[in-house]
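Asks: pasting the structure only:
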């Protein structure tokens with residue numbers, strides 16, 4: 001999104017040395033995390049498609065998002081993990097949701113949900129885990145916290161999404177119960193947080209619905225920003241950057257932006273999710289995990305890596321279901 005915006009900023013003369021410095025400062029995750037993330041990333045090849053991991057983290061004290069003590073309180077989880085394939089030459093972005101219940105084997109042999117890896121080893125460990133699961137190198141990283149998501153949407157004056165069922169969920173920031181009615185509507189930051197978190201209202205494929213809502217929300221944010229007048233975009237970029245942490249520097253983003261600006265019209269955006277069928281896994285301590293499905297991931301990523309549209313693939317057909 002920042003790359004697309006900066007294409008316009010550059011075209012309107014909004015890019016300057018002071019602007020670059022301010023943007024780099026806003027995007028920094030802090031020197032210690034910046035260093036560990038840089039070490040975990042794989043170098044990209046100039047003018048070639050690359051993969052970036054976008055992570056939505058939940059790191060508030062007493063968040064109470066799990067009934068299990070080891071998974072609640074001040075612990076951090078990455079319930080939203082989206083792997084992006086970015087192809088500026090083709091003017092294309094593909095979003096692949098990594099289901100939070102995807103099993104991942106730690107170095108000590110324990111099997112955990114992939115969203116728990118962030119709590120155990122931070123962003124660097126999450127990058128390595130996603131790369132291992134998907135079989136592709138991750139060259140860039142960005143993260144946003146749920147509280148920052150709410151502020152970001154409010155800063156934009158809300159975004160328009162289609163809510164397919166009534167959602168009623170506890171606001172993890174305030175503790176109050178919030179209900180969002182179904183239908184196409186402009187939602188506030190608080191409602192966006194509910195839209196991105198709710199899953200129990202869905203009878204089947206709960207996490208798949210939630211991940212789809214997250215991707216829809218991401219595209220709605222992009223659309224809302226791009227609808228703004230060109231003269232507002234430099235300020236908008238700086239505002240949004242304060243809610244995002246990434247390894248990318250302004251120079252990297254400007255180069256990417258200029259590459260996208262050569263395309264015709266808005267970028268083509270594909271959206272899909274990795275294998276998400278599963279059940280209670282007794283050998284992993286009785287937690288709910290997606291089935292092991294290396295073939296499903298390989299088939300999906302082969303299509304994504306080729307630049308084709310992965311939507312509609314049956315990635316669960318090759319799941320290894322225990323007897």
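Replies: Yep, it's here. What you see is a predicted model; the values in this text were computed from it and never measured.

Asks: ok, residue 104 - contacts?
Replies: With contact set as CB atoms under 8 Å, 6 or more residues apart in numbering, residue 104 has these partners: 111-114, 117, 129, 132-133. For every residue, glycine as well, the C-beta is placed using N, CA and C.

Asks: which of those are buried?
Replies: The neighbour-count test (16 or more other CB atoms under 10 Å) applied to these identifies 112-114, 117, 129, 133 as buried.

Asks: quick one: residue 257 from residue 251, how far?
Replies: 10 Å (CB to CB, to the nearest Å).

Asks: compare these two (neighbour count), which wins?
Replies: residue 257 (23 against 11; other CB atoms under 10 Å).

Asks: just the buried residues of the helix or strand hosting that one, please?
Replies: Under the criterion of DSSP states H and E, residue 257 resides in helix 250-261. Residues 250, 253-257, 259-261 are the ones in helix 250-261 that count as buried (16+ other CB under 10 Å).

Asks: next, report how far stretch 92-99 is displaced from the centre of its chain.
Replies: 8 Å (CA atoms, centre = their mean, to the nearest Å).

Asks: and for that stretch, what's in contact with it?
Replies: Contacts for stretch 92-99 (CB under 8 Å, 6+ apart): 80-87, 114, 130, 133-134, 207-208, 211-212, 214-215, 218, 267-276, 290, 300-301, 304, 307, 310.

Asks: quick one: which of the residues you listed sit in strands?
Replies: Per DSSP state E, strands hold the following members of those: 80-87, 268-273, 290.

Asks: of the residues you listed - the most surrounded one?
Replies: The member of the ones in strands among the contacts of stretch 92-99 surrounded by the most neighbours (other CB under 10 Å) is residue 81, with 28 neighbours in all.

Asks: these two touch, right, it and residue 113?
Replies: No: Residue 81 lies out of contact with residue 113 (CB atoms under 8 Å); the separation is 10.8 Å.

Asks: joint contacts of these two?
Replies: Joint contacts of residue 81 and residue 113 (CB under 8 Å, 6+ apart) are residue 100.
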